[in-house]
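Peer 1: what shape does this take:
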Amino acid sequence: MNTSLQILLSIALIILTAKLFGAFMGRIGLPVVLGELLAGVVLGPTVLNIWAFSVFSRPPVPHGVSVADVFDVLAQ
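Peer 2: Numbers count the residues shown, from 1 in each chain. Modelled structure (predicted):
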């Protein structure tokens, strides 16, 4: 998929979800902006991952790491 198309579809999805969450929050008597913020949290970069940042992907865990090794590293 073209990157520009992916970004446009992601923006459309964010706007649609924000409007839906905002309408739902408005119906139950809460501020609309709360629903829009909640939509941003739900569809944040970890869900959409538009630019595939390596920060959001899990690093591989080396095999054979024990709890004692983790505590040794933390104690340093």
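
Peer 1: in terms of helices and strands, where is Gly29?
Peer 2: Assigned by DSSP states H and E, Gly29 falls within no helix or strand.

Peer 1: Gly35 versus that one, what's the distance?
Peer 2: With the distance defined as C-beta to C-beta, to the nearest Å, Gly29 ends up 12 Å from Gly35. The way it works is simple: take the backbone N, C-alpha and C, and place the C-beta from them, glycine included.

Peer 1: look at those two and report which has more neighbours.
Peer 2: For Gly29 against Gly35, the residue with the higher neighbour count under other C-beta atoms under 10 Å is Gly35, and the figures read 22 against 6.

Peer 1: confidence score at the more buried one?
Peer 2: If you check Gly35, the pLDDT there is 93.

Peer 1: helix, strand or coil: sort out Leu8 for me.
Peer 2: Classification of Leu8 using DSSP: H, G, I helix; E, B strand; the rest coil returns helix.

Peer 1: burial measure for it, as a count.
Peer 2: Using other C-beta under 10 Å: Leu8 sits among 11 other residues.

Peer 1: let me know the pLDDT of it.
Peer 2: Leu8 carries a pLDDT score of 83 in this model.

Peer 1: also the one 10 residues further on?
Peer 2: At Ala18, the pLDDT value in this model is 93.

Peer 1: for the helix or strand hosting Ala39, list the C-alpha coordinates in PDB.
Peer 2: Taking DSSP H and E as the definition, Ala39 sits inside helix 32-42. The C-alpha atoms that make up helix 32-42 are tabulated as PDB, following Å, rounded to 0.1, in the frame of the first residue of the first chain:
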ATOM      1  CA  VAL A  32     -17.100  14.900  24.300                       C
ATOM      2  CA  VAL A  33     -13.400  15.700  24.500                       C
ATOM      3  CA  LEU A  34     -13.000  12.800  26.900                       C
ATOM      4  CA  GLY A  35     -14.200  10.400  24.300                       C
ATOM      5  CA  GLU A  36     -11.900  12.000  21.700                       C
ATOM      6  CA  LEU A  37      -8.900  11.600  24.000                       C
ATOM      7  CA  LEU A  38      -9.900   8.000  24.700                       C
ATOM      8  CA  ALA A  39     -10.000   7.300  21.000                       C
ATOM      9  CA  GLY A  40      -6.500   8.700  20.700                       C
ATOM     10  CA  VAL A  41      -5.200   6.500  23.400                       C
ATOM     11  CA  VAL A  42      -6.900   3.400  21.900                       C
END
